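In: only the shape, not the letters, is given here:
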Ligand SMILES: C[S@@+](CC[C@H](N)C(=O)[O-])C[C@H]1O[C@@H](n2cnc3c(N)ncnc32)[C@H](O)[C@@H]1O
């Protein structure tokens, strides 16, 4: 039964990002991030960790043909895909680069954003200092990151939910609590935190949640890591697949000024 509900093969990373971007959750928080960034026509905008260019077209539309938009990512395939997808937009450029050492001049951007990137980087504090460095004084940085410690997946045995969330925060995601840490880290990087907006998508359908959370794959890894017994994993997944389903996790959209 569970095999019909959960994805058995992990999606290709670009397909995963594309799917999330067009989901109700993706559209809601990406539009909240775009509104917070308040890009004006003619401005210079950089998307740090742009992936396959998911947001570059919307940024280009906001900046207009007189603006410039740059996507930076350290993954060659993501950069090539982003460049291909935005080739028709003359104001968009895409560059290979690391957020810890941006290949960009000081004070060269009016707006910068990261979208689910700082959860993966080795040193978020350094990445934030770099983001601040490339912003002009008064420029805005908008950060959107989850706090995986807020993840809840309803199950009659709350200990199983706690074990699942503990595995995700301890091992599955490098900087799992980053969403709630953003205001402190941004202030530590010398930014002025203007706004913190929590967004909590609630999943009431197991397959939809699975497309974002990879419930079965993560559970199997949690068994290998010793967070679940194989029997508990079976009990957990069977209930998720067949019972009344609810999962939720909070993202924070933080706006800060350089
Ligand atoms: C979850 S994806 C998000 C992509 C895109 N922002 C989106 O919303 O679709 C995270 C991206 O951050 C990039 N990334 C992670 N660490 C990075 C680093 N140190 N420097 C540059 N890019 C990085 C990854 O290659 C990946 O494309």
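Out: Cool, the structure landed. None of these values were measured; they are calculated from a predicted model.
In: residues in contact with stretch 241-249?
Out: 1-2, 4-6, 146-148, 150-156, 200-206, 209, 213 (C-beta atoms under 8 Å, 6 or more residues apart in numbering). C-beta here means a position set from N, CA and C on the backbone, and glycine is covered the same way.
In: now, which of these lie within helices?
Out: Per DSSP state H, helices hold the following members of the contacts of stretch 241-249: 2, 4-5, 206, 209, 213.
In: look up how far residue 12 lies from the nearest residue to residue 8 once chain neighbours are set aside.
Out: Closest residue to residue 8 apart from its sequence neighbours, by C-beta to C-beta, 6 or more residues apart in numbering: residue 216 at 7.3 Å. Noted for residue 216: a distance of 18 Å to residue 12, by C-beta to C-beta, to the nearest Å.
In: with neighbour numbers in mind, choose between the two.
Out: Between residue 216 and residue 12, residue 216 has the larger neighbour count (other C-beta atoms under 10 Å), namely 20 against 10.
In: what are the buried residues along the helix or strand hosting the more buried one?
Out: Under the criterion DSSP states H and E, the helix or strand holding residue 216 is helix 215-224. Across helix 215-224, burial judged by 16 or more other C-beta atoms under 10 Å covers 215-223.
In: which SSE is immediately downstream of the host helix or strand of residue 79?
Out: Using DSSP H and E, residue 79 sits in helix 76-85. Reading on from helix 76-85 to the C-terminus, the next helix or strand found by DSSP H and E is strand 92-96.
In: just how off-centre is stretch 159-168 within its chain?
Out: How far stretch 159-168 lies from its chain's middle: 21 Å, per C-alpha atoms, centre = their mean, to the nearest Å.
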